[in-house]
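**Q** okay, predicted coordinates and the sequence, questions at the end:
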Amino acid sequence: MSEAIDTTPQEASSTPAMPPIRTYQPEDVAKVALDAHFGPARPEIFQADAILPYFARMREEAPLHYTADSDFGAYWSVTRYEDIMAIDTDHETFSSEGGITVGTPDDDFRLPMFIAMDPPRHDEQRKVVSPVVGPRNLAAMESTIRERAGDILDSLPRGETFNWVDLVSIEQTTQMLATLFDFPWEDRSKLTRWSDVATAAPGTLVANEEERRAELLECLEYFVGLWNERVNLPEPGNDLISMLAHGEATKNMEPMEYLGNLILLIVGGNDTTRNTISASVLALNENPDQFAKLRANPGLIPNMVSETIRWQTPLAHMRRTANRDVEMHGQTIKKGDKVVMWYVSGNRDPEQFENPNAYLIDRPNARQHMAFGFGLHRCMGNRLAELQLKVVWEEILKRFDKIEVVGEAERSYSSFVRGYTNLPVRLPA
């Protein structure tokens, strides 16, 4: 892929729809045996917002837990903060090759991406795109982020119910993504759609795996056009596509690797910020004393942002594969086993965070959350996410004394993206 790219659609196979959603009640937790038949990676438990009590039991009774069989195959679950950090920072023992989520990609539709690579390929490809979120670029982007956030907030209806996710969280992050890619502005909603399709369970946003593949190949076709426009320009632009097209480590990528890195950058640039923006509104509604504290002292916004990211943990897990046999908690993780690091559990570990289920915007160690990961795979865009959240809340406090949540939050059907599809709110007339 050194010059213009050509791509041919691949044959896709269908996958049965996920099992029907059931209701999970708090009393279910005590009834469940934490044996090899139990697996926490059930999207319906996350959608019901019932997963945290399960992880509390696992941290106490089974901090290293083996699921023998599930819709995602066999996997180990790691739920304590210190254990997760140890695995996340040991890339020689625990590899990212083969996938970063509990599910394993189908062999006939693999999307290589640098987050699912080990050094040196990971380091070489990440280095190509990391300047887009470097300190100089962030400083240059802040005024644009602030202007757009203000425009979005000023356009909101007063005195009537609307979906905060659609009108604020999605629009804010989609505009930022369009800027990072220098993507055609009028088509920016495609970025949101592709991000959602990439992580959606079959039977939800897409009917089956064949439909998902078709949409992702449309994404590739669109971005191939942008690559072909920019690859032969004498002066490469300061956008992600130009960086990939001209970078020594990425300019010869195969089309599916290009798509893989695009999906990584789209999802990474979308889900963390988008779902934390929504979570901040929900958390401050559920904790009015914290909202009052924030209004009285806007200087707490940066720490509130970190606490919200900890409290929400917008990407619930990352997965590694063991390169060798490893002893942990009296058990043996075998070479080749899948090991799931449940960041959402580590961020509620009472050994690391006092009163971990409380939402405290002045929590002293809020920045020690693990939602961005650790080590060489630490989230590349973490500073951009924090900047967007900080600016959005600075602009909110200038305009609104209150954002009232007026209905139940509707959550994503996913054990990977811990997010929201609907948050009904009302602003004072």
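**A** Looks like it came in fine. Residues are numbered from 1 along each chain as shown.
**Q** and residue 178, what does it touch?
**A** 184-185, 188, 191 (C-beta atoms under 8 Å, 6 or more residues apart in numbering). C-beta here means a position set from N, CA and C on the backbone, and glycine is covered the same way.
**Q** ignore what I typed, I meant residue 159.
**A** 426-429.
**Q** any stretches of the stretch 101-250 of the chain with poor pLDDT?
**A** Along the stretch 101-250 of the chain, segments meeting pLDDT under 70 span 105-108.
**Q** sorry, back to before: among the contacts of residue 159, which ones are buried?
**A** 426-427 (16 or more other C-beta atoms under 10 Å).
**Q** and the lengthiest helix in the chain, what's buried?
**A** Across the chain, the longest stretch assigned as helix under DSSP state H is helix 255-286. Judged by neighbour count (16+ other C-beta under 10 Å), helix 255-286 contains these buried residues: 255-285.
**Q** phi and psi next, for residue 327.
**A** phi -90, psi 130 (degrees, to the nearest 10).
**Q** now swap in residue 182 and tell me
**A** phi 50, psi 50.
**Q** surely it touches residue 236?
**A** No. Assessed by C-beta atoms under 8 Å, residue 182 is found out of contact with residue 236, at 11.0 Å.
**Q** would you map the strands across the protein?
**A** With DSSP state E as the criterion, the chain has strands at 64-67, 75-78, 94-95, 161-163, 317-322, 326-328, 331-333, 338-342, 404-405, 410-411, 420-422, 424-426.
**Q** want to try a markdown table for the ones you listed, with distance to residue 31 as columns?
**A** Formatted as a markdown table, the strands of the chain follow (distance: least, C-beta to C-beta, whole Å):
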| stretch | distance to residue 31 |
| --- | --- |
| strand 64-67 | 17 |
| strand 75-78 | 19 |
| strand 94-95 | 33 |
| strand 161-163 | 35 |
| strand 317-322 | 24 |
| strand 326-328 | 27 |
| strand 331-333 | 24 |
| strand 338-342 | 21 |
| strand 404-405 | 31 |
| strand 410-411 | 23 |
| strand 420-422 | 28 |
| strand 424-426 | 32 |
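**Q** which of the ones you listed sits closest to residue 371?
**A** strand 317-322 (10.4 Å; C-beta to C-beta).
**Q** could you give the angle of that closest one to strand 338-342?
**A** Angle between the axes of strand 317-322 and strand 338-342 is 150 degrees (criterion: axes from the mean of the first three to the mean of the last three C-alpha atoms, to 10 degrees).
**Q** what residues does strand 317-322 touch?
**A** By C-beta under 8 Å, 6+ apart, strand 317-322 touches 41, 75, 87-88, 93-102, 333-344, 373, 377, 415-416.
**Q** in helices, which of the residues you listed fall?
**A** Short answer: the contacts of strand 317-322 in helices (DSSP H) are 87-88, 343-344.
**Q** between those, which is nearest residue 155?
**A** residue 344 (32.9 Å).
**Q** count of neighbours near the closest one?
**A** The local packing of residue 344 (other C-beta atoms under 10 Å) involves 25 other residues.
**Q** kindly report the same for residue 206.
**A** When neighbours are counted by other C-beta under 10 Å, residue 206 comes out with 19.
**Q** can you name the residues that contact it?
**A** Taking C-beta under 8 Å, 6+ apart, one finds 197, 200, 212, 215 in contact with residue 206.
**Q** in a markdown table: the residues you listed, plus neighbour count and distance to residue 308.
**A** What follows is these, written out as a markdown table (neighbours: other C-beta atoms under 10 Å; distance: C-beta to C-beta, whole Å):
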| residue | neighbour count | distance to residue 308 |
| --- | --- | --- |
| 197 | 19 | 26 |
| 200 | 19 | 24 |
| 212 | 21 | 30 |
| 215 | 17 | 31 |
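**Q** closest one of these to residue 62?
**A** residue 200 (29.7 Å).
**Q** still on that earlier bit, so for the longest helix of the chain, what's the average pLDDT?
**A** On average, the pLDDT along helix 255-286 is 91.
**Q** kindly report the same for stretch 35-50.
**A** 92.
**Q** that one: which residues count as buried?
**A** Buried-residue list, stretch 35-50, by 16+ other C-beta under 10 Å: 38-48, 50.
**Q** distance check, residue 110 against residue 98.
**A** Separation of residue 110 from residue 98 (C-beta to C-beta, to the nearest Å): 9 Å.
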